[in-house]
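Asks: here are the coordinates; sequence isn't available:
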């Protein structure tokens, strides 16, 4: 092959190689440009998702809050659960709002807050942060403050004290004198918030009120059993309504007793305590109030409330139902199920999605960190917010 031909072939080879390199560089630039365009778009989307609504000041970020069950999540019959105190102290230091939502009935809000403060060695817990099973009764007080209210409970003195704290001024309890009264006594509402076994006499007294005329003891409504009225005339004559507070065994026996006498169900009945939406509504409102208390007028909007519980029937089901009820919920609710209490593997077999949590966790510290990590992603961990070493020791 002549030198001239070799020269021509070398030039052609160099030209092809140059064209190939040019094409590769062009493709690389296009790929790089596409990557950064997509990356910037995701960043803008992420940033936009953290921007609060128009009622919040510009550049403020949305935040989250926590709603804790107590028994099985933070506390057991043996005392504080591992890292429970550390978790609460950590949230206080970070100024992340939280409240307690429990079906306990023994304490008032002030007593409950004081117990939490001492038990978990906290500097301050406000009564507004403690929502118990009977707490929603306080919202009935303006309606029945001066009405005659029958309260059924295991401890009559404690019942009256709780009623007074909640705002009821004219309270009677089913003591022997009441049961033996001959003179008719008008009762406008009946309430029960003690989860204890009640006597047959208590159930009979309530049923007599539901069958009475205008809620007057010793009378019988003429509408009872009449097919021309709704519910065959039962509870169609201005009888009192009934509000229960966590007294589920007593409620079931009362419903059964009324059915045996009338073959009808009790109407106008409300049950407070988880999973009732009224309790979650109260927890949400007081969580938002506490958030504004610790952050002031510049408080960012809470877009997610995390319910951390151990009971799929009360904590998880209640929060999930409340989240789907647009007439109640303000925030978006998510749930974390911990295995330090009632829950054991297999309990969710065959259950509907309403019983399933957003996240499973082995304890309250990890539950909180998982929620924070989902909200703030890697930024939270890079700034020391999720130091796992901190959580692996101590209480």
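Replies: Nice, thanks for sending it over. All figures in this text were calculated on a predicted structure; none of them were measured in a lab.

Asks: got the contact list for the closest residue in space to residue 230 that isn't next to it in sequence?
Replies: Residue nearest to residue 230 in three dimensions, not counting chain neighbours: residue 236, with 6.2 Å by CB to CB, 6 or more residues apart in numbering. No exception for glycine: its C-beta is placed from N, CA and C like everyone else's. Taking CB atoms under 8 Å, 6 or more residues apart in numbering, we find residue 236 in contact with 221, 223, 229-230.

Asks: make a PyMOL selection of the buried ones in these.
Replies: Remark: buried members of the contacts of residue 236, expressed as a PyMOL selection using 16 or more other CB atoms under 10 Å:
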select buried, resi 221+223
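
Asks: of the contacts of residue 236, which is the nearest to residue 67?
Replies: residue 230 (38.1 Å; CB to CB).

Asks: can I get the contacts of residue 236 in CSV with pLDDT, secondary structure and distance to residue 333?
Replies: What follows is the contacts of residue 236, written out as CSV (pLDDT from 0 to 100; DSSP: H, G, I helix; E, B strand; the rest coil; distance: CB to CB, whole Å):
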residue, pLDDT, secondary structure, distance to residue 333
221, 95, coil, 42
223, 96, coil, 42
229, 93, coil, 40
230, 93, helix, 35
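
Asks: what's near enough to touch residue 111?
Replies: Applying CB under 8 Å, 6+ apart, no residues contact residue 111.

Asks: phi, psi for it please.
Replies: Main-chain dihedrals, residue 111, degrees, to the nearest 10: phi -70, psi -40.

Asks: and it, what's its pLDDT?
Replies: Among the per-residue scores, residue 111 holds a pLDDT of 95.

Asks: got the contact list for the closest residue to residue 164 other than its chain neighbours?
Replies: Once flanking residues are discounted, residue 164 sits nearest to residue 171: 7.4 Å by CB to CB, 6+ apart. By CB under 8 Å, 6+ apart, residue 171 lies in contact with 149-151, 159-160, 163-164.

Asks: could you check how far the residue nearest to residue 230 is from residue 225?
Replies: For residue 236, the distance to residue 225 equals 11 Å [CB to CB, to the nearest Å].

Asks: looking at the chain, which helix or strand is least sure?
Replies: The weakest-scoring helix or strand in the chain, judged by mean pLDDT, DSSP states H and E, is helix 176-180 (a mean of 36).

Asks: mind checking the end-to-end distance for stretch 256-271?
Replies: Start to finish, the residues bounding stretch 256-271 are 16 Å apart (CA to CA, to the nearest Å).

Asks: brain fart, stretch 355-364
Replies: Span of stretch 355-364 from end to end, CA to CA: 19 Å.

Asks: now residue 202: how far from residue 283?
Replies: With CB to CB as the criterion, residue 202 and residue 283 are 30 Å apart.

Asks: more neighbours: these two, which one.
Replies: residue 283 (28 against 20; other CB atoms under 10 Å).

Asks: do you know how far that one is from residue 236?
Replies: Taking CB to CB, one finds residue 283 at 35 Å from residue 236.

Asks: for the stretch 101-250 of the chain, which spans come out with low pLDDT?
Replies: Along the stretch 101-250 of the chain, the model assigns pLDDT under 70 to residues 153-154, 174-200, 246-247.

Asks: all the helices of it, residue numbers only.
Replies: Assigned by DSSP state H, counting those that start in this stretch, the helices in the stretch 101-250 of the chain fall at 109-119, 141-144, 156-166, 176-180, 200-210, 248-262.

Asks: so which of those helices is nearest residue 317?
Replies: Per CB to CB, nearest to residue 317 of the helices of the stretch 101-250 of the chain: helix 248-262, 14.0 Å.

Asks: summarise which helices and strands the closest one is packed against.
Replies: With contacts defined as 3 or more CB pairs under 8 Å, 6 or more residues apart in numbering; DSSP states H and E, helix 248-262 has these neighbours: helix 200-210, strand 269-272.

Asks: out of the ones you listed, which is closest to residue 77?
Replies: Here strand 269-272 is closest among those (CB to CB), at 24.7 Å.

Asks: so what are the sheet partners of the closest one and their directions?
Replies: strand 241-245 (parallel) (DSSP bridges).

Asks: ends of stretch 138-151, what's the gap?
Replies: End-to-end distance (CA to CA), stretch 138-151: 14 Å.

Asks: buried residues in it, which are they?
Replies: Buried residues in stretch 138-151 (16+ other CB under 10 Å): 140-141, 144, 147-151.

Asks: max pairwise distance over the residues you listed: which two?
Replies: 141 and 150 (15.3 Å).

Asks: quick check: the residue lying closest to residue 127 once chain neighbours are set aside vs residue 125, distance?
Replies: In space, residue 127 comes closest to residue 109 once its chain neighbours are excluded; the distance is 3.9 Å by CB to CB, 6+ apart. Separation of residue 109 from residue 125 (CB to CB) stands at 10 Å.

Asks: how about the secondary structure of residue 336?
Replies: strand (DSSP: H, G, I helix; E, B strand; the rest coil).

Asks: tell me the pLDDT at it?
Replies: 98.

Asks: ok, it touching residue 360?
Replies: Yes - here residue 336 lies in contact with residue 360, judged by CB atoms under 8 Å, at a distance of 7.5 Å.

Asks: picking up where we left off before, mind checking which of the helices and strands packed on helix 248-262 is nearest residue 61?
Replies: strand 269-272 (34.9 Å).

Asks: so what does the next helix or strand after that closest one touch, helix or strand wise?
Replies: Reading on from strand 269-272 to the C-terminus, the next helix or strand found by DSSP states H and E is helix 277-295. When contacts are defined as 3+ CB pairs under 8 Å, 6+ apart, helix 277-295 sits against strand 63-68, strand 98-101, strand 130-131, strand 269-272, strand 302-309, helix 317-324.

Asks: now the fifth one, how far from the chain's geometric center?
Replies: For strand 302-309, the separation from the chain centroid amounts to 7 Å (computed by CA atoms, centre = their mean, to the nearest Å).

Asks: just the first one next, same as before
Replies: How far strand 63-68 lies from its chain's middle: 10 Å, per CA atoms, centre = their mean.

Asks: go on, the shortest one?
Replies: Centroid displacement of strand 130-131 relative to its chain, using CA atoms, centre = their mean, is 11 Å.
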